[in-house]
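*Asks:* My questions concern the predicted model and sequence given below.
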Amino acid sequence: MNAFRNDIDDLIEFVVTDPTTFEGQNQNIDRARIEGLELAYQIRAADWSLRAEAIAQNPRDLTNHEQLLRRARYSGTVSVVKAFGVHEFGLDVLMTGARDDFGGVRLAPYTLLNLYGRLALTPPGRCRCGSKTRSMSEYELASTYNTAGRSLFVATRYEFR
């Protein structure tokens, strides 16, 4: 369990001035505070691993006492991983609560599902491939922002020892 409090002076945020062209300007938030509580738990048993994390926070603009834009008050992650020798298969579920955006727009909460696999090609080399996909409904990270629905990725990693 972690309790946190971040006091921020001169936080810069981008404010859209024309929603058609997305022109805007950076504006200063004189003082902001983000405080909250984070709970996390992880357990490993044989070839399985489970991790869960939840965050409750209060992101505030201390000048006008409003919630900071695009910051959810609640979020959480659950991750399950199964090992097959040196290889792994995993599922992540990420949940984010509703949050406010510019122009009085309320962004809906969303849940994302991420599936992935890790293959050990050689002792220092790995290949990771997976799919990131949305769950249940359309979601936006920012109002009118074209957020990807599904994606596929492949990554390789080689460690020099």
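*Replies:* Sure, I can see it.

*Asks:* mind showing which ranges of the protein have poor pLDDT?
*Replies:* Applying pLDDT under 70 to the chain flags the ranges 122-137, 161.

*Asks:* Okay, strands next: where are they in it?
*Replies:* 2-18, 23-45, 48-61, 66-67, 74-84, 87-96, 99-100, 106-107, 110-122, 125-135, 150-158 (DSSP state E).

*Asks:* Out of those strands, which is the most enclosed?
*Replies:* Most buried of those, by mean neighbour count (mean count of other CB atoms under 10 Å): strand 99-100, with a mean of 20. Just so you know, the C-beta spots here come from the backbone N, C-alpha and C atoms, and that holds for glycine as well.

*Asks:* circling back: any chance of TSV for the strands of the chain, columns distance to Ala142?
*Replies:* Shown next, in TSV, are the strands of the chain (distance: least, CB to CB, whole Å):
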stretch	distance to Ala142
strand 2-18	9
strand 23-45	11
strand 48-61	15
strand 66-67	15
strand 74-84	16
strand 87-96	13
strand 99-100	10
strand 106-107	8
strand 110-122	12
strand 125-135	15
strand 150-158	18
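
*Asks:* of those strands, which approaches Thr144 most closely?
*Replies:* With CB to CB as the criterion, Thr144 lies closest to strand 2-18 of the strands of the chain, at 8.7 Å.

*Asks:* Can you get me the centre-to-centre distance for that closest one and its chain?
*Replies:* On the basis of CA atoms, centre = their mean, to the nearest Å, strand 2-18 sits 17 Å off its chain's mean C-alpha point.

*Asks:* what packs against that strand?
*Replies:* strand 23-45 (3 or more CB pairs under 8 Å, 6 or more residues apart in numbering; DSSP states H and E).

*Asks:* Distance of Arg157 relative to Leu91?
*Replies:* Taking CB to CB, to the nearest Å as the measure, Arg157 falls 21 Å from Leu91.

*Asks:* and what of Ser49?
*Replies:* Taking CB to CB as the measure, Ser49 falls 11 Å from Leu91.
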